[in-house]
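J.: just need the structure, nothing else, for what follows:
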Amino acid sequence: MYNIEPSVKTRENDSDYFARAISERVEMYNSSPLTTFHDHLLKIFFDLAQQHDGLDSFYQICVAIPQALHQGISISLAVLTNTKDSFQLACNSDSQAHIAPRIIDTLPLQTAATSYSEENILFLPMISRPMLKHNIGTGKTFLSNDQAGEVHWSCLGVLLITHPELLSSIDRLFLEKLVTRIGYNLQRRLLQANHLDHINFLKCLGRDIGHNVVTPNMHFKNLFRQLEKKIDRINREVEVSLHLADKPSIRILNRCNEIRSDLTSTHEELLEHYNRTSLYLETLLREEHFTRGEYILKARRCQIETEIILPELEIYRKRLERLGITIEQPQNMRDRRFFLKGDQGLLSQVFDNLFSNAVKYTTTSNSPRVRRVRPLPMDVRILTIFRNRRKKA
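T.: The predicted model follows:
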């Protein structure tokens, strides 16, 4: 069976693991029946695999190394399809080599054997490493034990060798060791290709978001401006009509004026919600976040209380008051202004989360010594920090 390495946790808790592993490997290689020729072939495999990055080149290396064992054999390599539910022929060592399609179609996705022979063909499965099974979409690394107690491992591919009778027992041992190395290398290459595809997708997604989400969102701002102009026009028309209308008409106009006032309030609330949502969208969906794989800050000088904290607080003020939560703002700090350089969009989201948590999780205390007090504005806390530092100094 295939040897599975100890877990990372075991390695971290055992500082002598690698020293012991090296000693064991040295002893194992010294007692190995493999010849110098076999050892050279393994080294050549690693050298060529490091020099060539493409999958097609790697497939050719995988069949060329076994072919060096004997000119009378032919090597074929079958790998998983993109759907991960069957195998396809990837490479042959000889253009004259022929493997029946039914043999490729019936290759098992899981196996319990390191190698087996059927129809004068030697099958050498390439096993997927358990720790990486989900990343390449090959399904489960092993299934439940069957009735015979065998564990079935997932295959990434299969090396098929014709005329296996030409190979010695030492050649077969070498091939079993070789396919283990091929499996590890193949899995890493598939992971790398999968990650590159994922990264390219995210970069394209970032560009698409800029064109299809952020830019069209600017159209709403124009609609809000048009709505504001129409509300102002209604206001002017009502004011002019009040001077010319009779008493019944005045009552109707006063009612229209109340409706206009409500409409103005609703418009202001919608505009405030739009500005806040647009700020969040443009901050979270910046194309640079996707292309560089990290949050890219766009810092600017801002007054953190009036530009960030208070606008967020106003959104939650009514909900806080309905819950009986007192919001205290010191009046003696009105003339003090503390400017910071930061990303306004990300900082606004931080305080939005703070006030949202206050609404969700603030509870009432029955103790007479406890008062529910909201956090102080940022400039007050900054001033407190400065004062504490001066005292320590």
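J.: report the mean per-residue pLDDT for the longest helix belonging to the chain.
T.: Counting residues, the longest helix found in the chain (DSSP state H) is helix 169-209. Per-region confidence: helix 169-209 scores 88 on mean pLDDT.
J.: same deal with stretch 99-111?
T.: For stretch 99-111, mean pLDDT rounds to 87.
J.: buried ones in that stretch, by neighbour count?
T.: Of the residues in stretch 99-111, 99, 103-104, 107, 109-111 count as buried by neighbour count, 16 or more other Cβ atoms under 10 Å. In this view, the C-beta of every residue, glycine as well, is placed from N, C-alpha and C.
J.: repeat that for stretch 282-295.
T.: By neighbour count on 16+ other Cβ under 10 Å, the buried set for stretch 282-295 is 282-283, 285-287, 289-290.
J.: got it, and stretch 212-232?
T.: Applying 16+ other Cβ under 10 Å to stretch 212-232 flags 224, 227, 231 as buried.
J.: redo the residues you listed as CSV? Include distance to Ser241, pLDDT and secondary structure.
T.: Shown next, in CSV, are the buried residues of stretch 212-232 (distance: Cβ to Cβ, whole Å; pLDDT from 0 to 100; DSSP: H, G, I helix; E, B strand; the rest coil):
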residue, distance to Ser241, pLDDT, secondary structure
Phe224, 26, 81, helix
Leu227, 21, 84, helix
Ile231, 16, 83, helix
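J.: can you list the buried residues of stretch 282-295 in JSON lines and add pLDDT?
T.: Compiled in JSON lines, the buried residues of stretch 282-295 are given as follows (pLDDT from 0 to 100):
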{"residue": "Glu282", "pLDDT": "79"}
{"residue": "Thr283", "pLDDT": "83"}
{"residue": "Leu285", "pLDDT": "81"}
{"residue": "Arg286", "pLDDT": "81"}
{"residue": "Glu287", "pLDDT": "80"}
{"residue": "His289", "pLDDT": "82"}
{"residue": "Phe290", "pLDDT": "81"}
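J.: with those in mind, which one is nearest to Thr162?
T.: Relative to Thr162, the closest of these is Phe290; by Cβ to Cβ it sits at 48.8 Å.
J.: which residue is the nearest non-sequential neighbour of Thr111?
T.: Distances taken as Cβ to Cβ, 6 or more residues apart in numbering place Pro125 nearest to Thr111, at 4.7 Å, with adjacent residues excluded.
J.: contacting residues around that neighbour?
T.: 111, 113-115, 153, 155, 157-158, 179 (Cβ atoms under 8 Å, 6 or more residues apart in numbering).
J.: same thing but at 7 Å, please
T.: 111, 155, 158 (Cβ atoms under 7 Å, 6 or more residues apart in numbering).
J.: mind checking which of those residues are in strands?
T.: Using DSSP state E, the subset of those located in strands is 111, 155, 158.
J.: so how far is Met126 from the first one?
T.: Between Thr111 and Met126 the distance, using Cβ to Cβ, to the nearest Å, works out to 10 Å.
J.: check the buried residues of stretch 99-111 and tell me the two furthest apart.
T.: The most widely separated members of the buried residues of stretch 99-111, counting by Cβ to Cβ, are Ile99 and Gln110 (20.5 Å).
J.: hang on, Ile161 in a helix?
T.: No: assigned with DSSP: H, G, I helix; E, B strand; the rest coil, Ile161 falls outside any helix and is strand.
J.: low-confidence ranges, the chain, go.
T.: Along the chain, the parts satisfying pLDDT under 70 run over 1-15, 95-97, 130-152, 210, 213-216, 330-336, 365-393.
J.: domain assignment for it?
T.: 8-194, 200-292, 300-392 (automatic domain parsing).
J.: run the chain-centre distance for the first one.
T.: By that I understand domain 8-194. Centroid displacement of domain 8-194 relative to its chain, using Cα atoms, centre = their mean, to the nearest Å, is 30 Å.
J.: what about Phe355, how many residues nearby?
T.: By the criterion of other Cβ atoms under 10 Å, Phe355 has 22 neighbours.
J.: let me fix that: Arg189
T.: By other Cβ under 10 Å, 17 other residues sit near Arg189.
J.: Lys221 versus that one, what's the distance?
T.: For Arg189, the distance to Lys221 - Cβ to Cβ - is 48 Å.
J.: likewise for Leu320?
T.: Relative to Lys221, and taking Cβ to Cβ, Leu320 is found at 29 Å.
J.: just Phe123 next, same as before
T.: 65 Å.
J.: equivalent analysis for Ile327, please.
T.: The gap separating Ile327 from Lys221 is 30 Å, by Cβ to Cβ.
J.: circling back to that earlier point, pick the one among the buried residues of stretch 282-295 closest to Pro164.
T.: For the buried residues of stretch 282-295, the closest approach to Pro164 (Cβ to Cβ) belongs to Phe290, at 50.7 Å.
J.: these two touch, right, that closest one and Asn200?
T.: No: using Cβ atoms under 7 Å, Phe290 makes no contact with Asn200, being 10.4 Å away.
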